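>>> what follows is a predicted structure for the sequence shown.
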Amino acid sequence: MAVDIGDPKSGFRHCEVVLFINEEVLRNGGGPGFYLTFRSRPWKDIEDGLRSVVTDTHVPRTIKRACAWSALALGVRVATRQREKQSKRVQQLHYQVEEHEAATWTLATDLQRLREERDEVVSELRSARDNLKKVLQERDMLHKRLIEFELSQQLLAESQDTEYPGTLPWPLINKEHREALGIGLRSEQYAVSPKKPQMASVTVLETLHEAEELPASDV
């Protein structure tokens, strides 16, 4: 028997068809040889083997028919094998598509997260820029006020010098006043009452002491 009825890889679903093919192979003087030889080969090798039998003038016509029936059964087997391979390939492609979809979804989620983080960073940078601008404005305002204060102090000093030209500062005036007063008193002491040096010295010291304690307005 060329084709095994119980072979799930034969490609035939009905045992009546398998029995009919086997009967035709046997009726034409053939056997399972051709079928078993090319059972696991691709269709190209099967067709080449059938061609070599058909073109051989020494092979009887009945044997050629038997090989043709076996080649028909082998063609169904090859088609079934290719269909199984294609089914597995389609399943693999389906799994790959699912993996790609999952990866695409993950990338889309990551992209959305990165966009949100970028927007947050941009917002923080803008806020920092606005705060820096305010700080710079406050610095410029304070610097302007400082310059105005320095100018006002300079103008005030110049106005005082203009109103009282040649006026010395109070500490210097007080010092010069004390020195002049002391010199004058000493001269008067020796001119009027040279016999009382101690009393004159005490009087000068008291006068100087009172002058130091008086405020500037009183002087």
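Alright, I've got the coordinates.

>>> tell me the helices and strands packed up against the helix ranked longest in the chain.
Taking DSSP state H as the assignment, the helix of the chain that covers the most residues is helix 61-163. With contacts defined as 3 or more C-beta pairs under 8 Å, 6 or more residues apart in numbering; DSSP states H and E, the packing partners of helix 61-163 are helix 15-27, helix 33-37, helix 43-54. (Each C-beta comes from the backbone N, C-alpha and C, glycine too.)

>>> so for the first one, mean pLDDT?
When you say that, I think you mean helix 15-27. For helix 15-27, mean pLDDT is 93.

>>> do stretch 88-97 as well
Per-residue pLDDT values across stretch 88-97 average out to 93.

>>> go on, stretch 140-150?
Rounded mean pLDDT across stretch 140-150 is 93.

>>> export it as CSV, just CAs?
The C-alpha trace of stretch 140-150 is given here as CSV (Å, rounded to 0.1, in the frame of the first residue of the first chain):
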residue,chain,number,x,y,z
ASP,A,140,18.2,97.7,39.9
MET,A,141,15.7,99.6,42.0
LEU,A,142,17.8,99.3,45.1
HIS,A,143,20.9,100.3,43.2
LYS,A,144,19.1,103.3,41.9
ARG,A,145,18.0,104.3,45.4
LEU,A,146,21.5,103.8,46.7
ILE,A,147,22.9,106.2,44.0
GLU,A,148,20.2,108.7,44.8
PHE,A,149,21.0,108.5,48.5
GLU,A,150,24.7,109.0,47.9
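
>>> what does the pLDDT read for the residue positioned nearest the centre of the chain?
By C-alpha atoms, centre = their mean, the chain has its centre lying nearest to L114, at 7.1 Å. Note for L114: predicted pLDDT of 95.
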